[in-house]
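Enquirer: need coordinates for the below:
(one chain, ligands or ions: 1)
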Amino acid sequence: MVKVTINKSILELIEGDITEQETDAIVNAANSSLLGGGGVDGAIHRAGGTKILEECRKLGGCPTGEARITTGGNLKAKYVIHTVGPVYSGGKKREAELLANAYKNSLSLASQFKLKRVAFPSISTGAYGYPLDDAATVALKTAINYLKTHTDVELVRFVLFGQKAYQAYDRALQELVK
Ligand code: AR6
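Expert: Okay, here's the model as predicted:
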């Protein structure tokens, strides 16, 4: 586990499963239908139960880079923030900007709903193919900038699935805070 203080808040990296987090919200790396899928999306819907999908159906989708919020259903987290990262296709299709937007808009929703503790997975780095090291830098830079300018969110935790993802985020964070 790594923990750094940004302004008055904490940014944390852990290796683990996001469905087990007890933060106020967990973030889902969804697709623009918001109707479920594999990866972390599948895991969240499996663990959270049908209530989440029922609410998602009413939202009518979510464009890439934006975010929506539903109940946490049976999860320990009260809310799920669903965001859609970009599909990576070489890096010249504004992928970095869209990925940053996904993090930023998720954090803005957390602020709007007065949620102090938010857990993120590594958005876009599974099925969507975003190179892990680059995605880690975008994710962490965006979270750090947000925490520097908003004191209402007190904890941003990145929950990395497996050692490889954890190590990539660890390296990226060391570069950014050194
Ligand atoms: N906890 C934390 N991270 C996880 C978990 C978990 N339980 N399970 C997987 N990951 P992906 P994407 C990691 O593919 O690339 C879905 O089908 C995983 O190892 O879940 O944004 C959606 O419906 C990887 O590092 O999301 C979309 O269609 C990271 O989560 C599409 O996949 C993201 O991998 C979105 O693709």
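
Enquirer: quick one: secondary structure of the nearest residue to Ser9 once chain neighbours are set aside?
Expert: Spatial nearest neighbour of Ser9, excluding adjacent residues (C-beta to C-beta, 6 or more residues apart in numbering): Leu147 at 4.5 Å. C-betas here are computed from N, CA, C, even on glycine. Three-state secondary structure (criterion: DSSP: H, G, I helix; E, B strand; the rest coil) places Leu147 in helix.

Enquirer: contacts only, for the residue positioned nearest the centre of the chain.
Expert: Geometric centre of the chain, nearest residue: Phe120, 3.1 Å, by C-alpha atoms, centre = their mean. Residues counted as contacts of Phe120 (C-beta atoms under 8 Å, 6 or more residues apart in numbering) are Ile18, Ile26, Val27, Tyr103, Ser106, Ala139, Ala143, Val156, Arg157, Phe158, Val159.

Enquirer: which strand residues bridge it?
Expert: Per DSSP bridges, the residues bridged to Phe120 are Phe158.

Enquirer: could you check how far it is from Asp134?
Expert: From Phe120 across to Asp134, the span is 16 Å (C-beta to C-beta, to the nearest Å).

Enquirer: and for Ser32?
Expert: Distance, Ser32 to Asp134, by C-beta to C-beta: 22 Å.

Enquirer: which one's more surrounded, those two?
Expert: Asp134 (18 against 13; other C-beta atoms under 10 Å).

Enquirer: give me the contacts around whichever helix or strand the more buried one is part of.
Expert: Here Asp134 sits within helix 132-149, counting by DSSP states H and E. Applying C-beta under 8 Å, 6+ apart, the external contacts of helix 132-149 come out as 6-7, 9, 11, 91, 96, 99-100, 103-104, 107, 120, 122-125, 153, 156, 158, 164-165, 168-169, 171-173, 175-177.

Enquirer: from these, which ones fall inside helices?
Expert: Judged by DSSP state H, helices contain the following of those: 96, 99-100, 103-104, 107, 164-165, 168-169, 171-173, 175-177.

Enquirer: give the contact list for Ala102.
Expert: Ala102 sits next to Thr64, Gly65, Glu66, Ala67, Thr83, Val84, Gly85, Pro86, Ile123, Ser124 when contact means C-beta under 8 Å, 6+ apart.

Enquirer: oh, I was asking about Lys76
Expert: Glu20, Gln21, Glu22.

Enquirer: can I get the residues you listed in CSV including pLDDT, secondary structure and distance to Thr71?
Expert: Below are the contacts of Lys76 laid out as CSV (pLDDT from 0 to 100; DSSP: H, G, I helix; E, B strand; the rest coil; distance: C-beta to C-beta, whole Å):
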residue, pLDDT, secondary structure, distance to Thr71
Glu20, 98, helix, 17
Gln21, 98, coil, 15
Glu22, 98, coil, 16
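
Enquirer: now stretch 34-54: average pLDDT?
Expert: In this model, stretch 34-54 has an average pLDDT of 98.

Enquirer: alright, I will stop here.
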